[in-house]
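**Student:** Sequence first, predicted coordinates after that:
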Protein chains: 4
Amino acid sequence: VGISLGPNQYGKAETHLVRVTRDGDHHQIRDLTVTTALRGDFAAAHLDGDQANVLPTDTQKNTVFAFAKELGIGAIESFALDLARHFADTVGPVEVARVTAHEAAWTRIVADGIPHDHAFVRPGSEIRTATVTVRGRGDDQQAWVVSGLRDLVVLKSTGSEFRGFLTDRYTTLAETDDRVLATSLVVQWRHDTALPTERTSSDWDERYVRVRERLLTRFAALHSLALQQTLREMGKGVLEAERCVSEIRLSAPNLHHFLVDLQPYGLDNPGEVYYAADRPYGLIQANVLRDDDAEAGLAWHDDTAR
Amino acid sequence: VGISLGPNQYGKAETHLVRVTRDGDHHQIRDLTVTTALRGDFAAAHLDGDQANVLPTDTQKNTVFAFAKELGIGAIESFALDLARHFADTVGPVEVARVTAHEAAWTRIVADGIPHDHAFVRPGSEIRTATVTVRGRGDDQQAWVVSGLRDLVVLKSTGSEFRGFLTDRYTTLAETDDRVLATSLVVQWRHDTALPTERTSSDWDERYVRVRERLLTRFAALHSLALQQTLREMGKGVLEAERCVSEIRLSAPNLHHFLVDLQPYGLDNPGEVYYAADRPYGLIQANVLRDDDAEAGLAWHDDTAR
Amino acid sequence: VGISLGPNQYGKAETHLVRVTRDGDHHQIRDLTVTTALRGDFAAAHLDGDQANVLPTDTQKNTVFAFAKELGIGAIESFALDLARHFADTVGPVEVARVTAHEAAWTRIVADGIPHDHAFVRPGSEIRTATVTVRGRGDDQQAWVVSGLRDLVVLKSTGSEFRGFLTDRYTTLAETDDRVLATSLVVQWRHDTALPTERTSSDWDERYVRVRERLLTRFAALHSLALQQTLREMGKGVLEAERCVSEIRLSAPNLHHFLVDLQPYGLDNPGEVYYAADRPYGLIQANVLRDDDAEAGLAWHDDTAR
Amino acid sequence: VGISLGPNQYGKAETHLVRVTRDGDHHQIRDLTVTTALRGDFAAAHLDGDQANVLPTDTQKNTVFAFAKELGIGAIESFALDLARHFADTVGPVEVARVTAHEAAWTRIVADGIPHDHAFVRPGSEIRTATVTVRGRGDDQQAWVVSGLRDLVVLKSTGSEFRGFLTDRYTTLAETDDRVLATSLVVQWRHDTALPTERTSSDWDERYVRVRERLLTRFAALHSLALQQTLREMGKGVLEAERCVSEIRLSAPNLHHFLVDLQPYGLDNPGEVYYAADRPYGLIQANVLRDDDAEAGLAWHDDTAR
């Protein structure tokens, strides 16, 4: 009985670059961490150590830097599309190219009320993400674009219940009609596949701002009966507002805030002092889909270990 | 056009427990971090906030602790199987239960040549893992078991080449016939589906030791022409030796060690001083499969965002 | 020859709490991670294991939660002062009590232009800090207050030089008159010791905002000849503006951004594409002091390992 | 009233290198992360941006690599001494040079019972440390050497009590005569100042092994009445055995393991199932000193923010 090589990919992970665009003294910057992964005809490298088909990961890194210069960097979706198409178009053995970009935001330092020309401050740890997968070349080429964000940390100090749940022998949790609800969101939304090349960087950037805004406002507005319900409402809100978003996936740790028992010291605690626990944490993951959506294709597909 | 709920799951992540087994003064300990995830008939929670079908994640955590007492903890594969079956068997709305356990190793402190009865030291950061997925109940129940390890860091100071690779306009890398090869392995191997219940904790533990040993010795022995080749040889070695392993997935960052240029100071550097870089890093992922293997089923299946 | 117990302290580290203040439907939250450390007459615990003088760290944690309820939480300096004084005043063996608080910022989610009553988003990873040290009790009690911030990440895309430096046999660095300057600041400023109790939470909060603003604007405005100069100017700017700040300490990793060499691909790179390196990094640390300042006393004093 | 520059230092942090020593096919490796810091006549850089006295941190990094080649790397104490002396001896403005080295251990992969010539595995996350401080040059030069380790994680599953402690209004903790005691040690020991240059790498390496062994065996052997007592016994044990160690500093988080209450499910829990908590944690820090010890001098001295 034989043994075969299964799905595989390789690339350069986490090339971290800052691109400065200079308009005289007025600068713009974009701060990206880019990961490339190639799939295709690479069996010989695995079976015989033959590298003839292997474009070095070092070259992939070089390409990221060179494209940052040649094309500039607008929206990360556009930049990732350019890179992924380049690998699919020009590297013979490549069948599928996936490029992921993580963008850290920077805002201008405001001095005496004036945004500075070239001094910036990182507002936070939140990350904007894009994952682009391109298959084939020429007329048959297909591209899937997934946008997202990571580490968007939100909290409601009231307006959240958890009641009426299933119980069994091991259940000790009390019902509550007023709890703190907090989470650090990982959200990814898949765009329809129509003509991603016709979308400009401005389109992607504006859509990103709208989706993020929609996620936040739905989180704030909904009286939550469960984190599940909150996630689905957030996802539904995005799909209703953005016709070009086909699917959205949300992953939300339930960052538990436990009401501290202060009775031993003769104090009550009507929803005022909470212990913010680290582990364990609930983890709720949900996808929301448009019914008439085309196939997701390779947008999410990854058969390898992580 | 409608909007639907897609794949979803929920559970309790990273319940960290230490189980002490006391045989008089002689203790054994196992240190586990357990994550549970349930899939099934939970649409009402998402759509209406109705929790009637939702067993709280707090209960799942309680169950982990209670099972640690009632059943003890042998191999993490056995413990995860027990837990996953419990959720699939007894929680009505559950269709699929997945339990992941990460185990940190502890060894006895040796004092005056004698391993101590109840004092232990953590030998390292390496983690043993198990992911068990159970679908259905009764006679139709199926179970898939994946074992693994994380953060196994290995290095060869010679016996590694990288030559004859594909080049393009962006290639600047020089060929080398002697480089440092280092990686931090994430490996997972899927067991055949036959009768996992008949396997004892000893079976799982012994197989783990053998697989780990085989991975290390193949890494050491092979003259590497590429990290791809090394991974495939390691995987093939495991499959050849372990008839009950159906598939193995390896993910290996190429932890680059760059030879430092010492010529500016009048020094040569014949493979002696290397700069250990952080980012970017190559990332090579490869699966190796047995040809006649049954379907992987739900062993790896996860449609949610992370 | 004898062996003695040297300096020692003990306490509870990183009690993470969220305090909700409810004004009807309008909530305010403060998110603190508090560490307590006690020094004093604890030799018996070390020498004989006698705990008679040891207030458990668990009690210290309880006290943090109870004070959060009883006193509420205004500025972290005020809260840390209350806690440190409590331990110094009421726990017999305590000679010195130090309380450190780290505060994570939260801002209101704005929906339809209206800041929400009880829904919040974490704007970033930046942390506000306070370290209060109290010695003695009654009329002899002294208190030192140090405020600060961590992880304030700033970048200038131009307006930074590095030239005219000392060279030796091992120097290869080229001079530059235009580089990216980026750092992640850790800054702590010590307040004069006059009457900290008369300062209100508003005083501390407003001073924090002014110091942070001053740090940012000086960073932005100064044409930098060296990170050393930038730090000293930032510190001097704070001392000039804040009469009650006696000393400021700045620690600044030089987050190197290296201009990528694109010549191999026929591209120039006039300050546009930078590689953001992780390690190694320069590390510049500088203190700036008011000449007539009173002694720093125990404000910074810590003789223990970390 | 004037404003002055206070204590300051600068250097290159975390230069990560691997040094291979080749004896034919048999290799040895040492994996170091080196941080340099220089103090001295650097006021002009801070005040005027004048770099004439500033040896670039880039040069310091280069020197680390060059010395790794020229001198080889034996014990990290020896290597740090060589580097610190170099900066103090040859860089005019330098008054004090401090070099810290962190070493990650590697062990040979054993294949078929034979330790491999050039294939290695990292046994764990534990780190060996050395901090060397050198002041002055020529006959007046002084050197202080501190050795240490980080992240040595140990646990006792019994043989630990916590009773008879001080209580106040906020105390709720129950006494216990059998608990799990676990910690992740940071330990540093200061060597006497006599002739560190006459010590060979073997001396340092052997002393390190003995101290680590002594720490472990004392931890294991002592029936603990308090973590304070355990730390002092560990420190005392080292000082008694090592005449050339003048002082030892231990910092130990109390990694709480809480007995899980299983009564709600009708189960008892006689010291078997523990929840391993993350935060908060007790933090115990203690120094142990030799009475007739010479002054510590600059061994620990650092006036800057971190």
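**Tutor:** It's in.
**Student:** Ends of stretch A:19-34, what's the gap?
**Tutor:** Start to finish, the residues bounding stretch A:19-34 are 12 Å apart (Cα to Cα, to the nearest Å).
**Student:** ok and the residue in chain A nearest chain C?
**Tutor:** Residue nearest to chain C within chain A (Cβ to the nearest Cβ): A:Gly124, separated by 2.6 Å. C-beta coordinates here come from the backbone N, C-alpha and C atoms, glycine included.
**Student:** Do I have it right that that residue meets C:Thr107?
**Tutor:** No: contact between A:Gly124 and C:Thr107 fails when scored by Cβ atoms under 8 Å: they sit 10.3 Å apart.
**Student:** Distance check, the residue lying farthest from the centre of chain A against chain B.
**Tutor:** Distance to the chain centre peaks in chain A at A:Gly266, reaching 46.4 Å (criterion: Cα atoms, centre = their mean). To chain B, A:Gly266 is 28 Å away according to Cβ to the nearest Cβ, to the nearest Å.
**Student:** which residues does A:Val187 contact?
**Tutor:** Neighbouring residues of A:Val187 by Cβ atoms under 8 Å, 6 or more residues apart in numbering or on different chains: A:148-149, A:152, A:215, A:234, A:248-251, B:305.
**Student:** Among those, name the ones in strands.
**Tutor:** Taking DSSP state E, the ones among the contacts of A:Val187 that sit in strands are A:148-149, A:152, A:248-251.
**Student:** Hmm, which of these is lowest in pLDDT?
**Tutor:** Within the ones in strands among the contacts of A:Val187, pLDDT reaches its minimum at A:Leu152, with 95.
**Student:** since we're on that residue, how many residues are nearby?
**Tutor:** A:Leu152 has 23 neighbours, counted by other Cβ atoms under 10 Å in any protein chain shown.
**Student:** now it, which residues is it bridged with?
**Tutor:** Counting by DSSP bridges, A:Leu152 forms beta bridges with A:Leu185.
**Student:** Please apply the same query to A:Val20.
**Tutor:** Bridge pairing for A:Val20 - DSSP bridges - gives A:Ile29.
**Student:** One more: A:Ala286?
**Tutor:** A:Leu250, B:Asn8.
**Student:** That one contacts A:Gly235, correct?
**Tutor:** Yes: with contact defined as Cβ under 8 Å, A:Ala286 counts as touching A:Gly235 (6.8 Å).
**Student:** Now for the residue of chain A at minimum distance from chain D: which residues touch it?
**Tutor:** Chain D sits closest to A:Asp278 of chain A, with a gap of 4.1 Å, by Cβ to the nearest Cβ. A:Asp278 makes contact with C:16, D:278-279, according to Cβ under 8 Å, 6+ apart.
**Student:** Helix, strand, or coil at it?
**Tutor:** coil (DSSP: H, G, I helix; E, B strand; the rest coil).
**Student:** mind listing the helices for chain A?
**Tutor:** A:43-47, A:57-70, A:76-90, A:201-221, A:227-241 (DSSP state H).
**Student:** so what's the backbone phi/psi at the closest residue to A:Val153 other than its chain neighbours?
**Tutor:** Using Cβ to Cβ, 6 or more residues apart in numbering or on different chains and skipping residues adjacent in sequence, the residue nearest A:Val153 is C:Arg122, 3.9 Å away. C:Arg122 has phi and psi values of phi -80, psi 120 when expressed as degrees, to the nearest 10.
**Student:** which regions of the stretch 201-306 of chain A lie under the pLDDT threshold?
**Tutor:** A:293-294 (pLDDT under 70).
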